[in-house]
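Enquirer: What follows is a predicted structure for the sequence shown.
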Amino acid sequence: MSLKQFIIALLILVLIFPQLVFANDLEEEYKLAREIGRRYGERDKLIYDSIDVDVIDVLYEKLFNYEDPKHKEYFIIGYVEGFIKSHKEEDDKSKVVDDIEYAKILGLILGQLYGNRDFEAGTRYKPRAALPSNRTLISYYDLDKLSSEDRSTFLETFKENFEIGYREAYIKANFENIKLSYEDGIVHGEYFGARVGEMDAIEDYLLGLASDYKRNLPADGVIEANYSLDKDEAFYREGFLEGFKRAYRESYIKSYSNVKIDENTTAYEEGYTKGKEAGLTKGQALAMEDYHKGINKDWRRHFLTSSEIISEYNLYLQETTYINSFVNAFVEGLYEGYNNEYNAQYGQWITGKSVTEIIPISGGRITSADNVFTLEVVQGTYYNPITVRIEAFEDIIPTELIKASKIYRINIANKSKEADNDKYLKISFEYYGEGNGGIYKQVGDKWFYIPSKIEDGYITAFIKPNSIKEGGSAYRVFVDKNYKILFDIRSHWAKDEIITYVKRGIVTGYNDRSFRPDRDITKGEFFVILGRVYNWHLPNSNTLTIEDAIKYAISNGYIEGSYKDIVNSPISYREAESIMRKLFNSDTFHWYNVAAKMLYEKLYKSKSYYSMDYNLTRAEAIYMFYILNEWRY
C-alpha cells in the first residue's frame, strides 16, 4: 500500500469511526473531571456540613462549558468521593466512610441530576429507564474490587436512592414550572399598560405633540424584556401583552384628553421625581435584603398596589395628578432599583469581595479582599483548624450614625463546635477618624457598639470566639457625632463598659460631661438601667422613666416599698443580689462572682469584700450588667 493510499484509508476510518480515534482523549477528559471534582469535594468538606446539589451545579457551570452529561457525572462522582469517602485529617490518616453511605448519597444526587434532566427535556417520568445499568455502575465506581455480597448491597442501595432523588427532582421541577394563567396575564398587563399609557400621554401633551397612542406603544419584544416575561409560560405572556396594549391605548386616549397643563404640570413633575426616588430606594433595599438572605431575584415579589403605595407614603392629601404620577414612577423605580442593585450585589460577589482561608490551631490572621478589615486568632483558641470566610458588602439602609466602613461578615466553620472562650479574637479596621468612631456589631436589624480602641490608623476590638454566631456575624465602623466624651472616666477601671452603655443609649452622663462612676447608684437609676438592658416594654410609654421602672419593679415583686422611699435611696450589694435572683427566678446568682471577675480582670477590689451591706457604685452596676449580658451580642 502506498503512503497516499494509507492516508486516505486513515481519513475514512476517522470519518466513519471517530470514537475509535478520540476515545482515549475523551476518557482522559472524564478522568480529569473526576479528579477536579474530588479536589473540590475535599475543599468544600472544610466549609459545608453536607452536600448541596445546587452548590455542585453552580461549581460545575463555573468551571466547565460542557454539554456532555457523562462529563458532569464524572465530576459529581469525584466531588462526592472527595467530600465523604476519604477526607484527610492533619495527621494524614484517612477516614473511610462506609460504602453503603457512599452509595446512598451518590444515588440520591445522581437521581436528582437525571430527574432534572428528563423534566427539562420533556421526557415522561421514568426513573427506572434513566437508571444506569449494573455494568455501567460497576465500571463507574470500581465495584469489581468489592466482594460479590458488598457489590450487590451497593447496587441495591444506589438504585433505591437514585429513584428517590429522581422523584424529588422531577416533582420539584414540575411545581416550579407552574406559572400564572392567561387571565392573570391580562390583569397584570392591564395594570402596567394603563400606567405607562397615562405617563406617555401626559409627556406628549407637555411636549406639544398631537394625540397618537401608537407613537410610543412598546413593541411586543420590548414589553417582554421590560417585564421579564421571557421565562413565563406562553399563555401568561400572551395575556399580558394583550392586556397591556389594550389598556395602554385606552389610558393614553383618556389621559391625553383630560390633562390640564396649567394645573397639572408642576404636580406631575414633582410626583414623578419623588415617586421614582422612593421606588429606587425601596427597590435597592429589598434587593440587598433578598440577595444576602439567598432569595432568588424577583422584583414582583415586592410589588405594591396603588392603595398600598398611597398609604405607605401618606399621599392622601396630595392632588390626583401628583398621586398618579408618584404611583406610576414608584413602580418604575422599584423595578429599576431592585434589578440594578441585585445585579450589583451579585457582581461584587463575582469579582471577589470575599476571602476564605484555613487558620491552624497555632493561630493566624486573615485580611479582607480590600485590606481594610483583619481578624486575628491567637494560638490555642480553637482545638482544630478552622475555615474562616470574610465577606464585604455595602448597604443603603439609613441610620442616625455615620457609616465609616463597609459591612464585614465573619463566618467560621469549626468542626468541633468548641473553642477556648477565655481567649479573645481581635478584629481591626483601617481608620483615621476622630475618637467618636467605634466598632459596632449587627444583632437582628440593629447595630450595637462594642468596646473599641483607636490608635496608629486602626480601630480594634476584642471579641469572644462564641460571639461569632452560626451563619456569621457582621461588623462595621460608625461615627457617632452626638457622643460627648466624659472627662472623669478616661482612666477609670470600668471605662470600656461605661462608654459601651453610653453609646448604646442605656445610660447618660451629667450636663457637666461627667459620669461620677464611683458615686453610689440610686435604686431609681438601678431599675432604669435594668429595664433598658432587659427591654421592659411598658404600656403607654415610649421612653422608660425612673417612675415607670420603679413601679414596674414593685408590681413584679423585685423590691418592696413606695416610690418616694425608693427612688433616691442607695442600693446595697445584698439588695442588688436579691433583685437579680428574683429577676432570673434563680438562687444561682451571687454578687461574689461579679466581684471576683472584677478583681481578676480589672484589678479593682469591690467594697463588698468587707461587707455586703456597703452600697453599689454606678460603675459596679454597669460592669455587672455588661458581663451578664454581653453573650447576647
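Expert: On my side now, so go ahead. Numbers count the residues shown, from 1 in each chain.

Enquirer: measure the residue most central in space within the chain to residue 495 for me?
Expert: Centroid-nearest residue in the chain, with Cα atoms, centre = their mean: residue 292, separated by 3.2 Å. According to Cβ to Cβ, to the nearest Å, residue 292 and residue 495 sit 35 Å apart. Glycine gets a C-beta too; all of them are placed from N, C-alpha and C.

Enquirer: and for stretch 592-604, what are the contacting residues?
Expert: By Cβ atoms under 8 Å, 6 or more residues apart in numbering, the residues outside stretch 592-604 that reach it are 493, 494, 605, 606, 608, 609, 620, 623, 624, 627, 628.

Enquirer: nearest to residue 408, of these?
Expert: residue 627 (25.9 Å; Cβ to Cβ).

Enquirer: Please name the nearest non-neighbouring residue to residue 556.
Expert: Leaving aside its chain neighbours, residue 556 sits nearest to residue 582 (8.0 Å; criterion: Cβ to Cβ, 6 or more residues apart in numbering).

Enquirer: Tell me the pLDDT of the closest residue in space to residue 217 that isn't next to it in sequence.
Expert: Beyond its immediate neighbours in the sequence, the residue positioned closest to residue 217 (Cβ to Cβ, 6+ apart) is residue 248, lying 5.8 Å away. Residue 248 is assigned 93 on the pLDDT scale.

Enquirer: Residue numbering should commence at 213 henceforth.
Expert: In the new count, where the first residue is 213, that last one comes out as residue 460.

Enquirer: Next, the contact list for the residue nearest to residue 768, please.
Expert: 768, 769, 770.

Enquirer: By neighbours, which of the residues you listed wins?
Expert: Within these, residue 770 tops the neighbour count with 18 neighbours, counted by other Cβ atoms under 10 Å.

Enquirer: Check the contact between it and residue 795; I expect there is one.
Expert: Yes. Between residue 770 and residue 795 there is a contact under Cβ atoms under 8 Å: 6.5 Å.

Enquirer: dump the residue contacts of the spatially closest residue to residue 598 that is not a sequence neighbour.
Expert: If the residues on either side of it in the chain are set aside, residue 598 comes closest to residue 626, at 5.0 Å by Cβ to Cβ, 6+ apart. Residues in contact with residue 626 (Cβ under 8 Å, 6+ apart) are 594, 596, 598.

Enquirer: what residues are up against residue 248?
Expert: So residue 248 contacts 275, 287, 290 (Cβ under 8 Å, 6+ apart).

Enquirer: give me the element it is part of.
Expert: Using DSSP states H and E, the element containing residue 248 is helix 230-257.

Enquirer: With residue 724 instead?
Expert: Applying DSSP H and E, one finds residue 724 in no helix or strand.

Enquirer: What's the local residue count around it?
Expert: When neighbours are counted by other Cβ under 10 Å, residue 724 registers 9.

Enquirer: and the gap between it and residue 700?
Expert: According to Cβ to Cβ, residue 724 stands 9 Å off from residue 700.

Enquirer: just the helices in the stretch 713-845 of the chain please.
Expert: For the stretch 713-845 of the chain, applying DSSP state H, counting those that start in this stretch gives helices covering 735-745, 758-767, 775-778, 785-796, 803-814, 830-841.

Enquirer: send the alpha carbons of stretch 363-370 over as PDB?
Expert: Taking Å, rounded to 0.1, in the frame of the first residue of the first chain, the C-alpha atoms of stretch 363-370 are listed here in PDB:
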ATOM      1  CA  ARG A 363     -21.300  -5.200  45.400                       C
ATOM      2  CA  SER A 364     -24.900  -6.400  45.400                       C
ATOM      3  CA  THR A 365     -25.700  -4.300  48.500                       C
ATOM      4  CA  PHE A 366     -24.000  -1.200  47.000                       C
ATOM      5  CA  LEU A 367     -26.100  -1.600  43.700                       C
ATOM      6  CA  GLU A 368     -29.400  -2.100  45.600                       C
ATOM      7  CA  THR A 369     -28.800   0.900  47.900                       C
ATOM      8  CA  PHE A 370     -27.700   3.100  44.900                       C
END
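
Enquirer: With pLDDT as added columns, please give the contacts of residue 794 in JSON lines.
Expert: Listed next are these as JSON lines, based on pLDDT from 0 to 100:
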{"residue": "768", "pLDDT": "90"}
{"residue": "769", "pLDDT": "92"}
{"residue": "770", "pLDDT": "91"}
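
Enquirer: and which of these is nearest residue 410?
Expert: Nearest to residue 410 among the contacts of residue 794 is residue 768, at 58.8 Å by Cβ to Cβ.

Enquirer: and the lengthiest helix in the chain, what's its mean pLDDT?
Expert: Using DSSP state H, we find that the single longest helix of the chain is helix 473-505. For helix 473-505, the mean per-residue pLDDT is 82.

Enquirer: could I get the helix or strand that that helix is followed by in PDB with only the CA atoms?
Expert: Downstream of helix 473-505, the first helix or strand assigned by DSSP H and E is helix 518-524. Provided in PDB are the C-alpha atoms of helix 518-524 (Å, rounded to 0.1, in the frame of the first residue of the first chain):
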ATOM      1  CA  SER A 518     -51.700  51.800  44.300                       C
ATOM      2  CA  SER A 519     -53.600  51.900  47.600                       C
ATOM      3  CA  GLU A 520     -50.500  50.400  49.400                       C
ATOM      4  CA  ILE A 521     -48.200  53.000  47.900                       C
ATOM      5  CA  ILE A 522     -50.600  55.800  48.800                       C
ATOM      6  CA  SER A 523     -50.800  54.600  52.300                       C
ATOM      7  CA  GLU A 524     -47.100  53.900  52.800                       C
END
